[in-house]
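> Could you work out the structure for the sequence below:
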Amino acid sequence: MSKVEIEIPDDRWFRGEWQTRPHDKQLCVVITNENVVSICQFRKNEELLGDCFLCIDKSRFISWMFVDRWKPLGLPADVNKRILAEIEKWFEEDE
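Model prediction:
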């Protein structure tokens, strides 16, 4: 096993140009380059966009090139689980 050291900013916001990424399907707060704040789900290797965020309230994707900052949302476990289940239902309906 390898050990790594990582520095997390005191305000917990990660810059979009950094290589640090959330876990696949993790809920996050995202600030775009246009200063729009959204609650999103990280989607690793999305079919057309690669790594991107799915905007929960607008049902649209945000490519990494438009992400200024992001940080994990940190909801209580039961609420987080419920929201993730709802998002998965959206994708099941599309099939």
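> from here on, contacts and neighbour counts on C-alpha atoms
OK.
> what about the helices in the protein?
Ranges of helices within the chain are 77-94, based on DSSP state H.
> So what would you say the end-to-end distance of stretch 7-23 is?
End-to-end distance of stretch 7-23 (CA to CA, to the nearest Å): 17 Å.
> quick one: contacts for the most centrally placed residue in the chain?
Of all residues in the chain, the one closest to the mean position by CA atoms, centre = their mean is residue 42, 3.0 Å from it. Residues counted as contacts of residue 42 (CA atoms under 8 Å, 6 or more residues apart in numbering) are 22, 23, 24, 25, 26, 27, 28, 51, 52, 53, 54.
> Most neighbours of all these, which one?
Neighbour counts for those, by other CA atoms under 10 Å, peak at residue 53, which reaches 30 neighbours.
> how close does the residue nearest to that one when sequence neighbours are not counted get to residue 18?
In space, and not counting its chain neighbours, residue 53 is closest to residue 42: 4.5 Å by CA to CA, 6 or more residues apart in numbering. Using CA to CA, residue 42 is found at 15 Å from residue 18.
> Just give me the neighbour total for residue 37.
When neighbours are counted by other CA under 10 Å, residue 37 registers 14.
> Can you list the buried residues in the helix or strand bottoming out on mean pLDDT in the chain?
Taking mean pLDDT, DSSP states H and E as the measure, the helices and strands of the chain show their lowest mean at helix 77-94, namely a mean of 86. Within helix 77-94, no residue counts as buried by 16 or more other CA atoms under 10 Å.
> got it, and stretch 61-81?
Counting neighbours by 16+ other CA under 10 Å, stretch 61-81 gives 61, 62, 64, 66, 67, 68, 69, 70, 71, 72 as buried.
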